[in-house]
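**Q** Pasting the sequence and the predicted model now:
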Amino acid sequence: MARVYNFSAGPAVLPEEVLEKAADEMLDYAGCGMSVMEMSHRSSAFKDIIESAEADLRDLMDIPDSYKVLFLQGGDSLIFASLFMNLATNGKADYVLTGNWSKKAYAEAQILGDPKVLASSADKNFTYIPDCSDLPVRDDASFVYICENNTIYGTTYPELPDTKGHPLVADQSSMFLSKPVDVTRYGLIHAGAQKNVGPAGVQIVIVREDLVPDDLPGVPTMLRFKTQADAGSLYNTPNCWGIYVCGLVFKWIRERGGLVALEEANAEKAGVLYDFLDASALFSSPVNPRDRSLMNVPFVTGDSALDAAFVSQAAAQGLVNLKGHRSVGGMRASLYNAMPREGVEALVSFMKDFEARHARDAR
């Protein structure tokens, strides 16, 4: 079967070169006579894999030595709780709500302590990013939390919030490694690998070392960042295969010129789709133009039956996973790093044909 253009929001498309490399090494990694999935996480072979992955990630993002890089398990859904346990040592943190994932993070914080909502875009179904230039951050807030790119609603922060000197904590899952970021502007960055980096099951955390507490009474061992930081992410058996594939993706990014080159390519890809949406008589983007994501592009026709027909017919043409999230409906195209420009052009070509056919039907 021929490869399709996979617009899934996650787990998502991976670079074909990475998949081919992983397939080639499936039975025998680097001449050791076994798969990465079979080797001990204490072996010298895996030690090289995880150390190389961390070194490449640090190089790509220019991560200072004062930050720890952790390869964890449990996904964002566990990190929402564990980061609050680790960083909100006084039980207080402030949140900006821009979609489902920041809402879930806030809900976990409500179980554990005293979070506060600083701003929200719920009034317009999260189709914009609220003004964060003068947030009422509490003096005793441990950090300010944002979901920097909203996978479901297709928004992204055009500018980082003014946190009034408090550490910024950001969920970057669906934008991670899509463009350069200044890591020093954050106290912590977390990202699920399954959207733009690797297979499901790996959670990458980049945390400023001084924010990692030495002692957390009452917090389970596995939920303490210091546990994995001290053990080089090898306190227990990690997701060895997932980390290996992430490492292959890091090398793939370096071979393509790094994050500056990827940002340019991603902007061009997204521009192809947004330019069509802005000119279309049938399709439209619900997102405030200033806040549009380059990674996740929701769009609608305004007719749910027509949306369903589009998704079905697109899939028949090899353009798959375009159905929008159940909370917003319509369609969504995720244009992660591994989605080639040809895939976006094929999507727009089909959208033009679909629009022309239904314009004729309307006449």
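**A** Nice, I can see it. Numbers count the residues shown, from 1 in each chain.

**Q** CA only for contacts and neighbour counts going forward, please
**A** OK.

**Q** Now do the contacts for D28.
**A** D28 makes contacts with M34, S35, as judged by Cα atoms under 8 Å, 6 or more residues apart in numbering.

**Q** same question, S280
**A** Counted by Cα under 8 Å, 6+ apart, S280 has zero contacts.

**Q** From G302, how far off is it?
**A** Noted for S280: a distance of 13 Å to G302, by Cα to Cα, to the nearest Å.

**Q** Mind pulling up the pLDDT for the spatially closest residue to D210 that is not a sequence neighbour?
**A** By the measure of Cα to Cα, 6 or more residues apart in numbering, the closest residue to D210 outside its immediate chain neighbours is S66, 7.9 Å from it. S66 carries a pLDDT score of 98 in this model.

**Q** Wait, S66 touches E209, no?
**A** Yes: with contact defined as Cα atoms under 8 Å, S66 counts as touching E209 (5.6 Å).

**Q** Could I get the full set of helices for the stretch 51-200 of the chain?
**A** 75-87, 100-112 (DSSP state H, counting those that start in this stretch).

**Q** Alpha carbons only: can I get the first one in CSV?
**A** When you say that, I think you mean helix 75-87. Provided in CSV are the C-alpha atoms of helix 75-87 (Å, rounded to 0.1, in the frame of the first residue of the first chain):
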residue,chain,number,x,y,z
GLY,A,75,2.5,11.9,29.0
ASP,A,76,1.2,15.4,29.5
SER,A,77,-1.6,14.0,31.6
LEU,A,78,0.8,13.0,34.4
ILE,A,79,3.1,16.0,33.9
PHE,A,80,0.2,18.3,34.7
ALA,A,81,0.2,17.0,38.2
SER,A,82,3.9,16.3,38.7
LEU,A,83,5.1,19.7,37.6
PHE,A,84,2.8,21.3,40.1
MET,A,85,4.1,19.0,42.8
ASN,A,86,7.7,19.8,42.0
LEU,A,87,7.5,23.5,41.2
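
**Q** ok, and for it, which residues are buried?
**A** Residues of helix 75-87 classed as buried under the neighbour-count rule (16 or more other Cα atoms under 10 Å) are G75, D76, I79, F80, A81, S82, L83, F84, M85, N86, L87.

**Q** List the contacts of it.
**A** 91, 93, 104-106, 108-109, 112, 142-143, 190-192, 201-203, 211-213, 216, 219, 223-225.
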